[in-house]
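[1] give me the fold of what follows.
(chains A and B)
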Amino acid sequence: MDEGSDFDVPEASDRSEEAVPLFSVGEVEGFSAEDAAHYASDELEGLSDAPKSFGRLAWTRFRHHRLALLGGIGLVSIVLMFIVGPMLSDYTFDQYDVADRLLGPSRDHWFGTDEIGRDLFVRTAQGGLYSLRIGLIAAVVATIAGTLLGAVAAYFGGWTDGFISQLINLLLIVPALIVLSVFSLYFGGDANRLAMVLAFLLWTRIARVVRGVVLSIKEQEYIMAARASGASHARVIFRHVLPNVIGPVVVEVTLLLGTVIVLESTLSFLGLGVQPPNASLGTLVAEAKGSIDDDPLRVLTPGMFIVLIVLCVNFLGDGLRDALDPRSRNERN
Amino acid sequence: MGYATLLTLVRGMSGTEMSEPLLKVDDMSVSFKTDAGDVRAVSNVSFEISPGEVLAVVGESGSGKSVTALALMRLHPKNTETTGQVMFDGMNLLDLPEPQIRSIRGRDIAMIFQDPMTALNPVFSVGEQIVEAIRIHNDVSKADAWAKVVDLLQLVGVPEPKQRAAQYPHEYSGGMRQRAMIAMAICNDPKLLIADEPTTALDVTVQAQVMEVLHDVQEATGSAMMLITHDLGLVAGSADRVQVMYASRLMERGSTDEIFYESRNPYTRALLASIPDLESVKDKLDSIPGNPPSLLNPPSGCAFRPRCSMSVPQCAEAVPELVAFGGNHASRCHLATEIDITTGVNA
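    Coordinates of the predicted model:
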């Protein structure tokens, strides 16, 4: 066999390497392992261009995810509006004028006024930021706690897993509203503490998801390979396990953020959350509930913002999950 | 092939421990505690590996080969009990404290896994993973480690190593990944490489290439290698010595020639007979009748007895002892001395 001359070498793609010849068993006499090494390397996809950094790739994938881009733009515009809007207005969120009560939308009061004549646009903006802040803090704290506890439980197993799993089950059967209403007697007024109580109740959702994912990841051979190369348990968890959990966690967090905003709104609606004169989207709905027949817009406006924020966050999460997974390619154009 | 020159530069001569074995496993047993009872996966296995030597461990699935390797590195699951002694560099690996065994893993003893598809972490580039393996044991900058990674990838025959290092595992083919795994295993110049079925998951054409790389790298670094496999073809080409395991026990050990041409064990001979022969045309491949026994409830006496064509009543009564035949050759069979080694295994 004379070194490849009569092989049908495909011209496409490869630049530097010879292609692997197709040969039948009968022809292999004299085909030593050394020859095999020369014909080196399995499939040869030529490298079309220099590899991009992970960040660049993730951004490219994210950009091509239309809904996610829409969600991101939507969320940024809403937040900008909440921050910039009140600056352009002549009113503040707690400034009232009983003479101007229950006005409809006008050039002066964009969203109208409430029962004691406060400007509803400014109150919606302030309430929206308040809701977002509580949602964000609660989601971040719940995510960190849930991810760590879930990962530790699944990775170590045994009694560690037993203890954490039972704790999760215990918290899952506790009715959230009742705990919240008890706690909020003490914490109700303060956004940060309210967020902590919400986080305390909601980390279990993240923990359950993470535990499930880690249970399957820890059986993967690359975990054993990492241990065999001398990595400690902490290193294996942080470097090899958790990065693989990001996808499912991001999705769960966006759902969680939605839940937190809705739950906070519910609490505030019941009068247990944010206390006047502060507002949140939930209290705005609650305050306007009496006038739903005469003037439905006053209920629908803050309600619509709740829905919009939650939707945007969910779209965003969907795109982030795809973007952060190195295995997903940007097939979409 | 340029591998050798590159790597001999990296490795200083260790010289002193000429005849001392690098690894000495003495009477090691491993058992798993399960709900159904204790499973003895490795029973009283003893062996040695000298520096630079290639020892092949051969056996069917479940014979205890992989468990032996994992137990050496103390990587077996929690519900296991390991007894015996594993001496490496004057230390008993089985009772070293965790931080010390960790500093040995990956630096002195490195492992290559069976399935390259899952042995690389999908969310990091191949280069990053090898950099990490280097930096666990060496205080070097990321840039220096990265430069070494590119050299290593070149060494194991990954084309365009600079670009390839920045790619993710899913952008590599199976053979490439196994090359990357080899690069990762040798990145700290280990004294002992454990290759656990390194080519089982690969295409036949790629198997030869990967074995070639492994062989070159092992020769160039002068590290010893424990090659775990069920493929006797691999053994013939690359091992200095062979040990055959069956149902948790060592069945026979000896030099590669002794195992292939002078085997004194019916199990080894049956294994050899089941290698397909290109010259003769057959409708059906030769195989050993029956299945390996359950380790939960092993048969009395010799574990191979139910499948053995030579068994005599004595085989059911006692587990045979290892019978030594000069040099390193030994066989665990009551009839070891009576086997006619002049007849070919295919007879």
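[2] check the secondary structure at the closest residue to A:Leu263 other than its chain neighbours for me.
    Leaving aside its chain neighbours, A:Leu263 sits nearest to A:Leu198 (6.3 Å; criterion: C-beta to C-beta, 6 or more residues apart in numbering or on different chains). For every residue, glycine as well, the C-beta is placed using N, CA and C. Under DSSP: H, G, I helix; E, B strand; the rest coil, A:Leu198 falls in the helix class.
[3] wait, A:Leu198 touches A:Arg133, no?
    No. Using C-beta atoms under 8 Å, A:Leu198 is not in contact with A:Arg133; the gap is 11.8 Å.
[4] pick out whichever of these two has more residues nearby.
    A:Leu198 (30 against 16; other C-beta atoms under 10 Å in any protein chain shown).
[5] that older thread, and the residue nearest to A:Leu263, how far from chain B?
    Separation of A:Leu198 from chain B (C-beta to the nearest C-beta, to the nearest Å): 30 Å.
[6] let me know the distance separating that residue from B:Val30.
    49 Å (C-beta to C-beta, to the nearest Å).
[7] spit out the contact partners of the closest residue to A:Ala191 other than its chain neighbours.
    Residue nearest to A:Ala191 in three dimensions, not counting chain neighbours: A:Ile134, with 5.2 Å by C-beta to C-beta, 6+ apart. Contacts for A:Ile134 were tallied using C-beta atoms under 8 Å, 6 or more residues apart in numbering or on different chains; they are A:191, A:194-195, A:198, A:260-261, A:264, A:280.
[8] go again with 6 Å.
    Residues counted as contacts of A:Ile134 (C-beta atoms under 6 Å, 6 or more residues apart in numbering or on different chains) are A:191, A:194-195, A:264.
[9] cool, B:Ala316 as well?
    Contacts of B:Ala316 (C-beta under 6 Å, 6+ apart): B:300-301.
[10] rerun that using 10 Å as the cut-off
    B:299-302, B:305-306 (C-beta atoms under 10 Å, 6 or more residues apart in numbering or on different chains).
[11] for those, which single residue is the most surrounded?
    B:Cys302 leads these on contacts (other C-beta under 10 Å) with 27 neighbours.
[12] and it, how close does it get to B:Glu60?
    When distance is defined by C-beta to C-beta, B:Cys302 is 15 Å away from B:Glu60.
[13] residue of chain B closest to chain A, please.
    At 3.5 Å from chain A, B:Gly106 is the closest residue in chain B, using C-beta to the nearest C-beta.
[14] just confirm yes or no for the host helix or strand of B:Glu212 near chain A.
    Using DSSP states H and E, B:Glu212 sits in helix B:204-221. Yes. Applying C-beta under 10 Å from any C-beta of the partner chain, one finds helix B:204-221 touching chain A at B:205-213, B:215-216.
[15] near chain B, which residues of the stretch 201-333 of chain A are found?
    A:217, A:219-233, A:235, A:239-247, A:324-329.
[16] quick one, helices of the stretch 1-150 of chain B?
    B:3-10, B:65-72, B:98-104, B:126-137, B:142-155 (DSSP state H, counting those that start in this stretch).
[17] hmm, what's the outermost residue in chain B?
    Most distant residue from the mean C-alpha position of chain B: B:Pro313, 34.0 Å away (C-alpha atoms, centre = their mean).
[18] now do the same contact list for that one.
    For B:Pro313, the contact set (C-beta under 10 Å, 6+ apart) comprises B:301, B:305.
[19] kindly report the same for the one 5 residues further on.
    With contacts taken as C-beta under 10 Å, 6+ apart, B:Ala318 has the following neighbours: B:300-302, B:334.
[20] for it, grab phi and psi.
    phi -140, psi 150 (degrees, to the nearest 10).
[21] and what about the residue lying closest to B:Ile112 once chain neighbours are set aside, helix, strand or coil?
    In space, not counting the residues next to it along the chain, B:Ile112 is nearest to B:Ala195; the distance is 4.4 Å by C-beta to C-beta, 6+ apart. Assigned state for B:Ala195: strand (three-state reduction, three-state DSSP).
[22] same check, this time on A:Thr301
    helix.
[23] and for it, the neighbour number?
    Neighbour number of A:Thr301 under other C-beta under 10 Å is 20.
[24] that one contacts A:Gly112, doesn't it?
    Yes. Between A:Thr301 and A:Gly112 there is a contact under C-beta atoms under 10 Å: 8.7 Å.
[25] tell me, what's touching those two both at once?
    With C-beta under 10 Å, 6+ apart, A:Thr301 and A:Gly112 have common neighbours A:105, A:120-121, A:288.
[26] so which of those sit within helices?
    Here DSSP state H is the test, and the shared contacts of A:Thr301 and A:Gly112 give A:120-121, A:288 as lying in helices.
[27] and those, which is closest to A:Tyr186?
    A:Ala288 (27.4 Å; C-beta to C-beta).
[28] what domains does the record give for chain B?
    B:3-9+B:19-239, B:245-276+B:287-338 (automatic domain parsing).
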